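Trainee: need a structure here:
(3 chains)
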Amino acid sequence: MADKNDDFGKWEGKSDILLKIYSILLDKFGPMNWWPAKSDFEVMIGAILTQNTSWKNVEKAINNLNVHNLLSFEAIYEIDLNSLKQHIKPSGYYNQKAIKIKEFINFTKREYNFSLELMKKEDVFIMREKLLRIFGIGEETADSILLYALKKPVFVIDAYTRRILERHNIIKGALKEKYENLQRLFMKNITPDEANIKVYNQYHALIVMAGKMFCKRTPLCDNCPLKELEEM
DNA sequence: CACCAGGCAAGTA
DNA sequence: TACTTGCATGGT
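Mentor: Next up is the predicted model:
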């Protein structure tokens, strides 16, 4: 075994089960064209606000921003830090998140002059590296922005994904596994090309939906649609 | 009252 | 590299 990650075939032969999960969830919940936001800009702000926070609280914060006409690059750029903090308060960690949002907006001005079109034209790998260098943007937030705002073929791994892989015995130790390894698992089995952007979008959306209903930290797995996976 | 939520950065060993 | 801790509101 050249690599620890090859042990026990941990990462091999998972294609069928990954497609099965997608199939079951799609059948259960139906197609979703996702990220609950009205604009790509709102997606990016939401991606930061939802860090370790319930979406309900994020909605309150987004609504505050909307009411004050702050859902644009220019408006967030202009507003002073303390006012921003007050508006996003319901989303929690507001002192940090306000700085994170400011840092992200400064980046978009510095590198792309607030042009979403230019951001979408950027190479995926380059953009991911750039995003990860911004204070407050980690792997999940970067990938959410890449996939749902910039429409890039990148698979998003989150707490729900880890729990589902762990609880249904698909990957041992998924809760503690490195983000990179879990992401590679999906992207090796579902080719990251233009045609699969829709699948990436939908798959993660379905995982979040299933996670909220059946795979919370305190398990509530009574009629989880993924139960039938155990026969594979 | 305790626990949880679509993470992340900084500190420690 | 692998753990630990602080951050904070609002719902159950």
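Trainee: flag every residue of chain A that's near DNA strand B.
Mentor: A:35-36, A:46-47, A:50-55, A:57, A:92-93, A:96, A:134-142, A:144, A:148, A:156, A:158-160, A:208, A:211-212, A:216-218 (C-beta under 7 Å from any atom of the strand). Using the backbone N, CA and C atoms, a C-beta is placed for each residue, glycine as well.
Trainee: which ones among those residues are found in strands?
Mentor: Among the residues of chain A next to DNA strand B, no residue falls in strands (DSSP state E).
Trainee: nearest to DNA strand C: which residue in chain A?
Mentor: Nearest residue of chain A to DNA strand C (C-beta to the nearest atom of the strand) works out as A:Gly92 at 2.6 Å.
Trainee: enumerate every residue touching that residue.
Mentor: Counting by C-beta atoms under 8 Å, 6 or more residues apart in numbering, A:Gly92 touches A:52-53, A:57.
Trainee: leaving out chain neighbours, which residue sits closest to A:Pro90?
Mentor: Spatial nearest neighbour of A:Pro90, chain neighbours left out: A:Lys60 (3.7 Å); criterion: C-beta to C-beta, 6 or more residues apart in numbering.
Trainee: so the one you found sits against A:Ser91, correct?
Mentor: Yes. Here A:Lys60 reaches A:Ser91: they are 7.1 Å apart, a contact under C-beta atoms under 8 Å.
Trainee: quick one on the thing from earlier: for A:Gly46, see how far away the residue nearest to A:Pro90 is.
Mentor: For A:Lys60, the distance to A:Gly46 equals 12 Å [C-beta to C-beta, to the nearest Å].
Trainee: who has more neighbours out of those two?
Mentor: A:Gly46 (23 against 14; other C-beta atoms under 10 Å).
Trainee: retrieve the pLDDT associated with the residue nearest to the spatial centre of chain A.
Mentor: Centroid check for chain A by C-alpha atoms, centre = their mean gives A:Ser144 as the closest residue, at 3.7 Å. On the pLDDT scale, A:Ser144 is placed at 98.
Trainee: what of A:Asp7?
Mentor: 66.
Trainee: show me what the helix or strand harbouring A:Asn82 is packed up against.
Mentor: Using DSSP states H and E, A:Asn82 maps to helix A:81-87. Using 3 or more C-beta pairs under 8 Å, 6 or more residues apart in numbering; DSSP states H and E, the elements in contact with helix A:81-87 are helix A:55-67, helix A:94-112.
Trainee: get me the contact residues on chain A for DNA strand C.
Mentor: Chain A comes close to DNA strand C at residues A:52-54, A:56-57, A:60, A:89-90, A:92-97, A:176, A:178, as judged by C-beta under 7 Å from any atom of the strand.
Trainee: just the closest of those to A:Gly30, please.
Mentor: In terms of C-beta to C-beta, no member of these lies closer to A:Gly30 than A:Lys56, at 22.4 Å.
Trainee: how is chain A carved up into domains?
Mentor: A:4-30+A:155-231, A:40-149 (automatic domain parsing).
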